[in-house]
Structures are given as structure tokens and as C-alpha cells.
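Asker: Sequence first, predicted coordinates after that:
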Amino acid sequence: MLDTLFRAPRVITAVGESARSVGIRDGRIVAIEPLEAQLEARQTVELGEDVVLMPGLVDTHVHINEPGRTEWEGFASATRAAAAGGVTTLIDMPLNSIPPTTTVEGLQAKRKAAEGAVYVDTGFWGGAVPGNLEDLRPLHDAGVFGFKCFLLHSGVDEFQPLSSAELEQYLAVLHDFGALMIVHAENSQAIDRAPAPEGDRYGHFLASRPRGAENMAVAEVIEAARYTRARTHILHLSSSDALPMLASAKRDGVPITAETCPHYLSFTSEAIPDGATQFKCCPPIRETANRELLWEGLREGVIDCVVTDHSPCTPELKRFDIGDFGVAWGGISSVQLGLRAVWSQARVHGFTLTDVVEWMAVRTAGLAGLTRKGRIALGHDADLVVFAPDEATVVSAGDLEHRHPITPYDGMALAGVVRETWLAGELLDLQAPPRGRLLRRGDV
Ligand SMILES: [Zn+2]
């Protein structure tokens, strides 16, 4: 006897989209059968042709900022937004909270703040910063999914960047226990030498974060990975110039992967209005031609996955009063919109929803080593989304679940509506108490 049976003409599994009956027991997927299969369940959900049953997304790049900067974003609000956007698992970044997740104590502070507050399953990245080499193994053993480092100032003083020498030293240590390093790849010296990002002109801000700074840093990470053999991952790739290098490294067998974000795939620098600091992020949104090459990078598999890099702050820090890109905090709020933003662009670029699931669920789960997440497959957690891909609605920032009503998608028509999100075999109800779990590496 199943707990729940979905009968759906459109289900995304490893073989693409097909009609299936999907059976759930004890929070796991235990049956995937033809649509007409004889299966008994306490509850049957009949879906129509207008919706697709797909795995819940796994967003491995989310900044929640609690504790310490909870006024920017918190566990409850961020995970409500995730649930509403079809994300059922997220992994929180180790910085912008205070303390940062660079010690086991920092991780415990995170877990304490998150306990009982998360609407979706939530894991944690550790941080790799100067002076915490001895903390990496204990953090790994305590269940972080890998380690994030910066190669230039992170924006917050309590999370310092690694030097080139430290990067190699840390990678060598991580290689010893098979841990992953995820890297914010912009070269510090190249950024320092670029023009300062003052004023309200987006073009000035773009010039302050040149592609060359990203390209140099990506090259450095590739060679460090080649030398140390440590698993490395390039975060939020924006410069399409770096794609041939990454393709070449992958051909050589360098253990490196890369992600990009919905905003780099959606927006173009030419269309960003002056003073619109809700579009400010680092690395920056670049030109139309660059965006199209990122789509080609996804098509060719050079870019592995797509994550939101949801990174909010208070409205005051966005400095809408002066619209100055030099002083506004960088970061884009989008955890609730990533699926719809990517789907809106993917469909016009000739991709299917199965491709989107591959980038935003299957491969992100693989990146973090989440073996029971990101797929509709036997034995996997029954984290599911009922998605209406052909509906469209206009985004209203004030209606979003995250803490502050700021997002560059405000007013934009996006394809797709998340009708329902299911977590561990149960429909998620945002009016009910949160029942997401805190995840440890190896448990899922
Ligand atoms: Zn980030």
C-alpha cells in the first residue's frame, strides 16, 4: 500500500518526459510505473496535461545571512521563497552571516538558527579563509558539503580571500579527504586596476569588473585543480570568454565544474537602466552576446548547472536614493524565481524542461553529493514540483516570500507557474509549521 500515488501524463525522469504513475511511501519514491498500472494508495493525485511532475530543484547557492545579518534575509523567509519557487533543497553559503561558517562553532550557530525554521531541506557549505586550514577536516566531518573561497575581497571583512599560494595549499588538504572547493573567481589585482565603479551608470560598473578579471581567476583555479587533483567548482560564471578554457580543462580530465545563474542567462547590460542597483551583482551581468554564449556553454555541457546565488540585503544597502553602483551592496534576490526565469529563456533557446531539470536539480544534487535528491527515481526522496510550464504571470516583488520586496525580475512576465511543491512525500503548506530537515553530507 502506497501513501500517495501520482497519476501524471507528464513526468520528468531519467528518460525525459513521459506518462507515469509515481508511488510514494514513507517520504520516498518507491514505484515508477506506466500510467495505467494497478497500484493501491491511500491518496491518489490525478494530474492533467497542463502540468509536469518534476523533481524539486536543488539550489546549491543561496545566501541566508542568519544569524548576524538576519535583517538581510533569514532561514524562514528564504526557505519559504524557495518552496514557493519549486526548490526543495538548498545549500546555504558560508558568508554574510555572523559568524561565518568557517569553524565548527560557526556551523553550530547556523544549525541552531535554522533548527525548526526551514520550509525546505537545508544544508551548509563551509568556508575556506586564511587561518582556518585546521578547521577544514572538522567541518567536513561535521557535515558541510564542501568549502567556499574567494580570490578577492568578499565584501565582508570577516570572510577574507585566499592568496594563490593558499588556494593550492587548501586544495591539497581538501584532496586528501575528497572534499569539494567552490570558488568565487575574480582576480583581485585586475579588479583593483580597473576603473572604480562610481556613479549611477551601469556601464561604469560593468567596466569596473572586466571579463579579464574573471578569465584570469578561472585560469588560476583550473591550473590549481590540475596540479592538486582536488575537485573544484567555479561559482556564478559570468564571462563567456572563460568557456573555451573550461572546455579544454574538462577534456584534459581536470576535476572542475562550473555554474551560472538565472540573471546572467536572462538580463543584458545594454538594457539595465541607470541607477537600477537591484541588478548589481559580482561578477556582473554582461552584454547580450555574452549571454548567448553562456547558453551555448550550457548546450555543450561546459557549464554544468544553474543556481540562483540568491543574495539579498536590506533596501537601504541597495542605495536606491542615489542609485550609485559603487556603494550599493551587490547581490540579486531570486530564489523564488530561478526556475521560471531559466525556463522562460530556455524555451526560446530550444531547450526542454528536462534540460532545466538536468541543470537545476540533477547536476546540482550531483555537485553536492546529494544521492537521494534532484531526480524522480526509485529510492529518492519524494521532493516534487507540479509545474504548469505554459502559463505565464508577471512578477510582483511585493508578493514574493523572501524578506525584502526587491528583485530585478519585478514587473517581468515569466513563463511557468509552480502549482504545488511536495517535500518528503507531503504537500508543502506555507501556513503550517516548517518541516524541512537540516542536511549533513553523507546522510542524503
Ligand atoms: Zn554567492
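Answerer: Yep, it's here.

Asker: show me where the stretch 51-200 of the chain has strands.
Answerer: Ranges of strands in the stretch 51-200 of the chain, per DSSP state E, counting those that start in this stretch, are 52-55, 57-62, 87-92, 121-124, 126-127, 147-150, 180-184.

Asker: of all those, which lies closest to residue 375?
Answerer: With CB to CB, the closest approach to residue 375 among the strands of the stretch 51-200 of the chain belongs to strand 52-55: 5.3 Å. Backbone N, C-alpha and C define where each C-beta goes, glycine included.

Asker: Off-centre distance for the closest one?
Answerer: 19 Å (CA atoms, centre = their mean, to the nearest Å).

Asker: so what secondary structure elements neighbour it?
Answerer: In terms of contacts (3 or more CB pairs under 8 Å, 6 or more residues apart in numbering; DSSP states H and E), strand 52-55 is packed against strand 2-13, strand 16-25, helix 353-357, strand 384-394.

Asker: Out of these, which gets nearest to residue 271?
Answerer: Using CB to CB and comparing the helices and strands packed on strand 52-55, the one that lies nearest residue 271 is strand 384-394, at 17.2 Å.

Asker: Kindly calculate the angle that the closest one makes with strand 16-25.
Answerer: If you take axes from the mean of the first three to the mean of the last three CA atoms, to 10 degrees, strand 384-394 sits at 130 degrees to strand 16-25.

Asker: got a list of what residue 102 touches?
Answerer: Residues near residue 102 by CB atoms under 8 Å, 6 or more residues apart in numbering: 94, 126-129, 132, 135, 139, 159.

Asker: before we move on, what about residue 350?
Answerer: So residue 350 contacts nothing (CB under 8 Å, 6+ apart).

Asker: Can you give me the pLDDT of it?
Answerer: pLDDT for residue 350: 98.

Asker: Show me the shaky parts of the stretch 201-350 of the chain.
Answerer: Judged against pLDDT under 70, the stretch 201-350 of the chain has no low-scoring part.

Asker: Show me where it has its strands.
Answerer: Under DSSP E, counting those that start in this stretch, the stretch 201-350 of the chain gives strands at 231-234, 256-260, 305-306.

Asker: which of the ones you listed sits most buried?
Answerer: strand 305-306 (a mean of 26; mean count of other CB atoms under 10 Å).

Asker: residues in contact with that one?
Answerer: Counting by CB under 8 Å, 6+ apart, 60, 257, 259-262, 265, 298, 338, 342, 356, 359-360, 363-364, 367 sit against strand 305-306.

Asker: Please apply the same query to stretch 39-46.
Answerer: 1-7, 21, 23, 31, 33.

Asker: before we move on, what about stretch 310-318?
Answerer: Outside stretch 310-318, the residues touching it (CB under 8 Å, 6+ apart) are 59, 61-63, 65, 69, 71-73, 78, 81, 93, 96, 277-278, 280-281, 328-335, 338, 402-404, 406.

Asker: ok, now with 6 Å
Answerer: Residues external to stretch 310-318 that are found in contact with it (CB atoms under 6 Å, 6 or more residues apart in numbering): 62-63, 71-73, 277, 328-329, 331, 333-335, 404.

Asker: repeat for stretch 219-235
Answerer: 167-168, 171-172, 174-175, 180-185, 218, 245, 249, 254-258.

Asker: Then stretch 2-10?
Answerer: Applying CB under 6 Å, 6+ apart, the external contacts of stretch 2-10 come out as 17, 19, 21-25, 39, 41-47, 49, 52-53, 425.

Asker: same thing but 8 Å
Answerer: Against stretch 2-10 from outside (CB under 8 Å, 6+ apart): 17-26, 30-31, 35, 39-49, 51-53, 382, 384, 425.

Asker: are any of those residues buried, and which?
Answerer: 17, 20-25, 30-31, 39, 41, 45, 47, 51-53, 382, 384, 425 (16 or more other CB atoms under 10 Å).
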